[in-house]
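S.K.: I'd like to go over a predicted model; first the sequence, then the structure.
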Number of protein chains: 2
Amino acid sequence: MTAGSPQEETLTDRVRSAILDGDFVPNQRLVEADVCEQFGAARAAVRETFKELAGEGLVEILRNKGARVRAISREEAVEITEVRMVLEGLSAAKAAERVTPEQATRLREIVGDMREAVAVNDVDRYSELNAALHAEIRAIAGHRTSAAIIERLGAQVVRHKFRLARQPGRAAVSLPQHELIVAAIVARDPEAAQTAMQQHLRSVTKALEAGPT
Amino acid sequence: MTAGSPQEETLTDRVRSAILDGDFVPNQRLVEADVCEQFGAARAAVRETFKELAGEGLVEILRNKGARVRAISREEAVEITEVRMVLEGLSAAKAAERVTPEQATRLREIVGDMREAVAVNDVDRYSELNAALHAEIRAIAGHRTSAAIIERLGAQVVRHKFRLARQPGRAAVSLPQHELIVAAIVARDPEAAQTAMQQHLRSVTKALEAGPT
DNA sequence: TTCGACAATATTATGAACAATCCGTGCGTG
DNA sequence: CACGCACGGATTGTTCATAATATTGTCGAA
């Protein structure tokens, strides 16, 4: 995050990427021997990796039954999103306390781009900017604990997330909310920032619950 | 949490307990061979346990330098508490949506006991009831994701926590806040519950930052 | 045909041995 | 006397072999 040590990519990272990229699908069994061969690693290393990823919630381990890619239910995805949103609210409040003029400018830029993306109906770009905005807010907040949790949870719902961003008219709803959040941060008003982010939360979870089955 | 499977206590649980109980102090090196002998386990198992606990933030692993009990700085403890509190806020809101009359009674009971504990200046009992109240709210909320994170973070700050509860006059400040939270939940008002919990948060973090060095 | 016990197989769990790496120590040299 | 350097002990990282366990398939009897 802060200092990117270029240190060699660990096995855990590679397996995690494989899961996130969809090379392993949810509920797929992860047989140690197979994964060993596939990544050219030893069993022990694979084993440790599974435990580590289990801690991150990406795989689940059943005693004497091995590991499998954890499938995340709709309800769980909603819960995760709820948690992420309150943490983003906290980040927004912190960001409002610490934002510098340069950072404020950057935030305004992103929102401007979002507005434009909505105007031309570019959902991909909007989704991208959405992520960028939230990441920027986290960075400004400088709150490592919440940032770490947010990112970990985000990894768990990659497979669910896309559905939301693509709901028709979704961007039109969330854009003004984002504008409000940024305005509050730029105005250095933590409470308003958090409140704005919270309303954003309610809107998002409502959309999720009303979404496709 | 919900269904306690009596399944035998795993090595990870035992090591975690050891850390939480203070058998291993922060920054203490955890030499694999020693831990092996102490718990009568194989190195591979110990190794996996370390990775797992590292994921939980209780130990940190340095490449080729082994594991040690992670020491949590004051700033980090504050961050963790902030995160816990917003998550408790979320729980409070959810609890307000789902609370049953029986559960409402239980909450009122706890607050009543807290009031009494304050009256007789019993800080231990107050601290205990405080934990019970928050646990009850989490249970009512039925929000497993946030509950899991809250508990994990709680484990990380056990060594810091006690300081806060014992600040003189602390209970007198937090009691009315707790009363407000419970009132909002019982009234089935999610927004008020969350707001009340949030104010509780501000109060707590302020106390933490102003606390002893 | 269907149910249950039993054996075969696949897979994980554990244990022991080996190799790579780090850290402190003592020696030698400028 | 200070600095650098090589060496040795300690510890982790890796690999392979073995035991324990669960799953699956098969056979026989009701």
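M.R.: Here it is on my side, so go on.

S.K.: and the closest residue to DNA strand C within chain A, how many neighbours?
M.R.: Proximity of chain A to DNA strand C (CB to the nearest atom of the strand) peaks at A:G66, 2.9 Å away. Any C-beta I mention is one placed from the backbone N, CA and C, and that applies to glycine too. For A:G66, the count of nearby residues is 15 (other CB atoms under 10 Å in any protein chain shown).

S.K.: Equivalent analysis for A:S73, please.
M.R.: A:S73, neighbours per other CB under 10 Å, totals 9.

S.K.: Next, the residue of chain A closest to DNA strand C: phi, psi?
M.R.: The phi/psi pair for A:G66 (degrees, to the nearest 10) reads phi 80, psi -170.

S.K.: Please apply the same query to the one 3 residues further on.
M.R.: Geometry field for A:V69 lists phi and psi as phi -70, psi 130, criterion degrees, to the nearest 10.

S.K.: That one contacts A:N27, doesn't it?
M.R.: Yes. With contact defined as CB atoms under 8 Å, A:V69 reaches A:N27; the gap is 6.3 Å.

S.K.: For those two, indicate the residue with more neighbours.
M.R.: A:V69 (20 against 10).

S.K.: For the more buried one, which residues are in contact?
M.R.: Contact analysis of A:V69 by CB atoms under 8 Å, 6 or more residues apart in numbering or on different chains lists A:I19, A:F24, A:V25, A:P26, A:N27, A:Q28, A:L30, A:L58, A:V59.

S.K.: ok, of these, which one's closest to chain B?
M.R.: Ranked by distance to chain B (CB to the nearest CB), the contacts of A:V69 are led by A:L58 at 10.6 Å.

S.K.: Count the neighbours of the closest one for me.
M.R.: 22.

S.K.: what about the spatially closest residue to it that is not a sequence neighbour, neighbour count?
M.R.: Closest residue to A:L58 apart from its sequence neighbours, by CB to CB, 6 or more residues apart in numbering or on different chains: A:I19 at 5.5 Å. Residues near A:I19, counting by other CB under 10 Å, number 22.

S.K.: can you check A:T205 too?
M.R.: When neighbours are counted by other CB under 10 Å, A:T205 registers 16.

S.K.: Distance of it relative to B:G169?
M.R.: 38 Å (CB to CB, to the nearest Å).

S.K.: ditto for A:Q28
M.R.: Noted for A:Q28: a distance of 56 Å to B:G169, by CB to CB.

S.K.: quick one: which of these two has more around it?
M.R.: A direct count of neighbours by other CB under 10 Å for A:Q28 and B:G169 places A:Q28 higher, at 14 against 8.

S.K.: can you tell me which of the contacts of A:V69 are in helices?
M.R.: Under the assignment DSSP state H, these contribute A:I19 to helices.

S.K.: Run through the contacts of A:V69 and flag the ones next to DNA strand C.
M.R.: Restricting the contacts of A:V69 to those within reach of DNA strand C (CB under 7 Å from any atom of the strand) leaves A:L30.

S.K.: In TSV, list the contacts of A:V69 along with distance to DNA strand D and pLDDT.
M.R.: Formatted as TSV, those follow (distance: CB to the nearest atom of the strand, whole Å; pLDDT from 0 to 100):
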residue	distance to DNA strand D	pLDDT
A:I19	20	90
A:F24	19	90
A:V25	18	90
A:P26	18	90
A:N27	13	90
A:Q28	14	90
A:L30	14	91
A:L58	20	92
A:V59	17	92
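
S.K.: lowest-confidence helix or strand of chain A?
M.R.: One helix or strand of chain A scores below all others by mean pLDDT, DSSP states H and E: helix A:158-165, with a mean of 70.

S.K.: Using the record's assignment, carve chain A into domains.
M.R.: According to automatic domain parsing, chain A is divided into the following domains: A:11-69, A:74-210.

S.K.: Looking at the ones you listed, which one is packed in the most?
M.R.: Compared across those, domain A:74-210 shows the largest average neighbour count, a mean of 18 (mean count of other CB atoms under 10 Å in any protein chain shown).

S.K.: does chain B sit close to it?
M.R.: Yes. Using CB under 8 Å from any CB of the partner chain, domain A:74-210 reaches chain B at A:76, A:79-80, A:82-83, A:86-87, A:89-90, A:143-146, A:149, A:153, A:194, A:198.
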